[in-house]
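K.L.:
what would the 3D arrangement of this be:
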Amino acid sequence: MSGAREKKRAKKMRNQPASVTLPAEPGPFSGGGSRACPTPGDVCSEQQQKFSNQSSGPSYRKDQYFSKGQSRGERGRGRGGWQGGHQSVSEEMPKYITVSAFAQARAAEISAMLKAVSQKSSNSLVFQTLPRHMRRRAMSHNVKRLPRRLQEMAKKEAEKAVHQKKEQSKTKCRKARRRHINLVAEFNHRQRKNIWLETHIWHAKRFHMVKKWGYCLGNSPTEKSYRACYRAMTKQCLLQDLSYYCCLELKGKENELLKQLARICSTDAGLTFQEASCLSGRFEGSLNLYRADRYPEAMLGPVTFIWKPRDGSENRQLWIWVHPALKQDILRELKAIFQCSEPEEICISEPVTTSVQEEKQVEVVTSLGNKRKKEDKEGEKAVPVKKIIGDGTRDPFQSYSWISRTTGIVISDRSMEILRYRLIGPLSHSILTETLKAASVQTEMADSETELNNWWVENCKDSEKVSLHQCQSAVFELLEGMSSPSDMPPGTILGLTVGDPRVNLPKKKTKAMPDFEKYQDNDKVRQLYLKGVPADCAHSFIWDHDICKNVTENKISEQDLNHMRAQLLVPGSHLDLGPCESKIPILLVQQPGKMAGEDRPGWGSGWDICLPKGWGMAFWIPFIYRGVRVGGLQEALKHSEYQRTPHTPNDFPDCQAGMQFAKELEASLLEKFKRRPPAKRANYVKLGTLSPFICPWGQLTKNWEERMKASGGFLCPSSPHPNCCTTEGQTLCDPKAEAVREASPENDEAEETMEITSSEGALKTEDLTSTQDFGERDETKTSDFIVLRSEKLLMQLSAWCYPTAGKDRRIRLISRLGQKEMTEDVFLPILMSYPRALVWVNLSLLRKGNPELHAMICIPTEDDLLHLSKDKLFCGPQEPKHRDIFKDKVQKQKEKKKKKKKKDNVKSLEGDPADTPDEEATEDHEDLILGLWSDALPDVTSHCSRTVLGYVTRGDFSLAVGCGEALGFVSLTGLIYMLHNQPADKKGLVLLRTPASLQYRFARLNIEV
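P.N.:
Numbers count the residues shown, from 1 in each chain. Coordinates of the predicted model:
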């Protein structure tokens, strides 16, 4: 009998009396099939035993009815059995029964039978139970179509609330749903959790959308555009919406601002807020922020900043642009150092309307089914509410500005108040000059009743501001004569006031092309090449909150603009609005592109456009009509990858956002790995990959530190802080002994299996004491390692691992760069100061190969380098296969689960409540997955035949170089050890191996500063 039949029979026999029992084993009988009946004493004892049990009835198994050797076919055909005639049936009958229990069992059966007859056995309706030839189409809503015997039941079903017709909403038709007011209310409701950018609907029709960092962003285009986006970045123009970046505004005295901001940055890592060129407001700066007085630990993340040009006052204004993943940590640190704990008075702003006529008070009704209108005292219906442009999802009762009572410094969160677009490519100048036109000087108001352009009229009355505007317009027009944005000084800022770009919209899409002949012999263009934009031209009215609010509120709606176009005498001609044309203050910021390294200087340069909220689509569509290609998050990732710069937050493993990103990536990759069938998964244990889904940076730096300690290189406590390190000994490991230990087997032995010690004997990542100490650490402690960002040390390392092509080229290069030769006196202080540090590197494959995420960067042995020098086509060695030490444990876990499941099924059949699983027993094997390392990680550096130096965070085939390129981090200790032991003509050669492969491939390691 199958499991389903057993369950069915057990359910039927649940209420049978315990006195009715059958013998478990057949006794000797004559004539076939008869069984021995129990004695009265046995019946009584069995009865007492059954009633003492908690279950409702006994369990009837198939071995109670059939002998052990009797098959299913013999039950009906063999001797005895159910076909043994009256003799076998009579012999199966019990001799003694208890009348009361027997009567109760029969009563239960009768009540169950009556209940089954009176109730339906399925969820189908009455008319659905009829035969198909008796069914009619109208039976579902017309009861009289049914037979008379079923009409009463159908009426009762119709009265139930489930079958009642749902109340139709008032805006049920599509025409009503597509009304503007209903659409706006629905859109505001849908972006409560994830904020929409102003270009969201445009992106949603053309991009794959993702929800990240509290925003709904376009990830990548739906069309095939990978190579097209690269061509746009290289030869044409690529447009990106960066409005999701957060703008933090600081106001206060310059001395107070610089004094506290100096605590969260360091001159050792590059620029600071005190940089003279940036402090004047002429250039944009970029730097890495740390927690106050914690450099080089406690990394917060990278930011860019812009100072407002000086206006004669001692108070200054500063914008800090941060990634949304870093915003909370940086904002918390800024409030801590400036002691801005008290929020300013909350000002609840009125809903911003898009036209002057829509100034009546209205009521926001959140219900989507009702009409969203309000009747005033006279009974007339008011104008429906419009969307709050830009940051309509903000809570009006939440503070977005904080003030310090001691210093008077104000910190404001201006996220979504200032929009930011990025143009990348050499045609950025042509796109800007064709799309934007400088605003005309206006001295009279267009309409005295409105506030349209009143701020512009007041400023045009000042002759100095008019001359400044004319100078800015002249510089802006000269941009068309420059071949690439990289010709400008890095971070150049140009302020400008432009007219409405919708007025200059072409009839159809065009491609903006530069006209170099127009400015071929222009001396002003040459001066712009040499001196850059004048300092006064960096001024912009976008710094004024009141002006930005005025520009947003008095924007001409698309409906009014189209109505004006329809009234033109010549359709399609230029629309001249005259003094009614809006004037918009903007800020242009030059992006320098690729600055590090010697190849492709200035690649990926462009311009950023900052503009007030509410004008997003008014600038976006004209850019589209000039032939730009739009990119999303993936295109921004590739842009930074081709520039070989770290991407936020992927490539910042020492900050909280980077660690959170790594955890989320590990969870998604592990889930994807589990979705595949076990036979189709890669066995990473056999491939020698300890951590295929996350890079164990802390384990890597710790193991390298322990290797140096064991070899007597230096001894220091496990602290990444430079001041906490002491050294003993002045020599590194013996390179010969290390090379012998790391020597790989020959090619013909590559198929042999590498024996790995059991997990019990492997080196654990953390002992118990360190785990307990970790819980007691300060919350501000981010990680047990740091990333080296000292420009001086990075320049030194870059010179040491610079690729060599000829004899003595390295010595000439080092002397030209002013760096020291690699000796123990030079690199030992570096090892003492940074025992647990990572270095950002880029790698280029020498031959074929495509590096992937989390690929291992390894040190080649002497045999590998010797083989490469003899055979130039040698692509690299192979890793021997490892033994899966967890396979037996996984099999035992599966068998244990099967037994437990079977045991639970038997208990459910018997009616007993299933025992609760032993949590301690299941937790031990809960994380066992075939193909993954389940125990604590051993020494990651020496687990494979080649010593692991670091890991790849991004890797792919580079269209810019034409070969495989990778970006990642390596251990500083391991890098110095490798460079110290490598021959002079092989400096910087490493091996790359992807997580799902055994093949190593040679690559060149570079550090670009």
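
K.L.:
off-centre distance for whichever helix or strand Ala107 is part of?
P.N.:
Element membership of Ala107, judged by DSSP states H and E, is helix 99-118. Distance of helix 99-118 from the chain centroid (Cα atoms, centre = their mean, to the nearest Å) equals 62 Å.

K.L.:
swap in stretch 835-852?
P.N.:
With Cα atoms, centre = their mean, you get 23 Å for stretch 835-852.

K.L.:
again, but for stretch 613-629
P.N.:
For stretch 613-629, the distance to the chain centre is 27 Å (Cα atoms, centre = their mean).

K.L.:
got it, and stretch 178-198?
P.N.:
24 Å.

K.L.:
in the stretch 801-950 of the chain, which ranges drop under the pLDDT threshold?
P.N.:
In the predicted model, the stretch 801-950 of the chain carries pLDDT under 70 at residues 803-818, 910-927.

K.L.:
hmm, Cys610 is touching Leu587, no?
P.N.:
Yes - using Cβ atoms under 8 Å, Cys610 is in contact with Leu587, at 4.1 Å. All C-beta spots, glycine's among them, are computed from the backbone N, C-alpha and C.

K.L.:
overlap in contacts of the two?
P.N.:
By the contact definition Cβ atoms under 8 Å, 6 or more residues apart in numbering, Cys610 and Leu587 are jointly contacted by Ile542.

K.L.:
about what we covered before: quick one: mean pLDDT for the helix holding Ala107?
P.N.:
For helix 99-118, mean pLDDT rounds to 87.

K.L.:
show the subsequent helix or strand relative to that helix.
P.N.:
helix 148-159.

K.L.:
from the contact counts, what lies against the next helix-or-strand element following that following helix?
P.N.:
Per DSSP H and E, the first helix or strand lying C-terminal to helix 148-159 is helix 174-177. Contacts defined by 3 or more Cβ pairs under 8 Å, 6 or more residues apart in numbering; DSSP states H and E place helix 174-177 against no helix or strand at all.

K.L.:
so that it lines up with my notes, have the first residue be 756 from now on.
P.N.:
Will do, 756 is the new start, and the previous item becomes helix 929-932.

K.L.:
how far off centre is helix 929-932?
P.N.:
Counting by Cα atoms, centre = their mean, helix 929-932 is centred 36 Å from the centre of its parent chain.

K.L.:
and the following helix or strand past it, what's its mean pLDDT?
P.N.:
Once the chain leaves helix 929-932, the next helix or strand it forms, by DSSP H and E, is helix 935-945. Helix 935-945 shows a mean pLDDT of 83.

K.L.:
same question, stretch 1381-1392
P.N.:
93.

K.L.:
need the contact partners of that stretch.
P.N.:
958, 961-963, 965, 967, 972-976, 980, 983-984, 987-988, 991-995, 1178, 1182, 1185-1186, 1189-1190, 1261, 1264-1267, 1379, 1394, 1402, 1405, 1709.

K.L.:
in the chain, which helix or strand is least confident?
P.N.:
Here the helix or strand of the chain ranked lowest by mean pLDDT, DSSP states H and E is helix 1523-1530, holding a mean of 36.

K.L.:
I'd like the next helix or strand past it.
P.N.:
strand 1541-1542.

K.L.:
now do the next helix or strand after that next one: everything it contacts.
P.N.:
Following strand 1541-1542 in sequence order, the next helix or strand is helix 1546-1555 (DSSP H and E). Residues outside helix 1546-1555 that contact it (Cβ under 8 Å, 6+ apart) are 1023-1025, 1543, 1568-1569, 1572, 1574-1575, 1577, 1581, 1585, 1594, 1730-1731, 1734, 1742, 1761-1764.

K.L.:
among those, name the buried ones.
P.N.:
1024-1025, 1543, 1569, 1574, 1577, 1585, 1594, 1730-1731, 1734, 1742, 1761-1764 (16 or more other Cβ atoms under 10 Å).

K.L.:
so Leu1760 sits against Val1596, correct?
P.N.:
Yes - under the criterion of Cβ under 8 Å, Leu1760 makes contact with Val1596 at 5.4 Å.

K.L.:
overlap in contacts of those two?
P.N.:
In contact with both Leu1760 and Val1596: Ile1612, Val1725, using Cβ under 8 Å, 6+ apart.

K.L.:
stretch 967-976: how far from the chain's middle?
P.N.:
9 Å.

K.L.:
alpha carbons of it, as PDB, please.
P.N.:
Only the C-alpha atoms of stretch 967-976 are listed here, as PDB (Å, rounded to 0.1, in the frame of the first residue of the first chain):
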ATOM      1  CA  LYS A 967      18.600  51.000  -4.700                       C
ATOM      2  CA  TRP A 968      19.500  53.400  -1.900                       C
ATOM      3  CA  GLY A 969      15.900  54.500  -1.500                       C
ATOM      4  CA  TYR A 970      15.500  55.500  -5.100                       C
ATOM      5  CA  CYS A 971      14.100  53.900  -8.200                       C
ATOM      6  CA  LEU A 972      16.800  54.100 -10.800                       C
ATOM      7  CA  GLY A 973      17.500  53.000 -14.400                       C
ATOM      8  CA  ASN A 974      20.000  50.200 -14.400                       C
ATOM      9  CA  SER A 975      20.600  49.500 -18.100                       C
ATOM     10  CA  PRO A 976      18.800  50.200 -21.400                       C
END
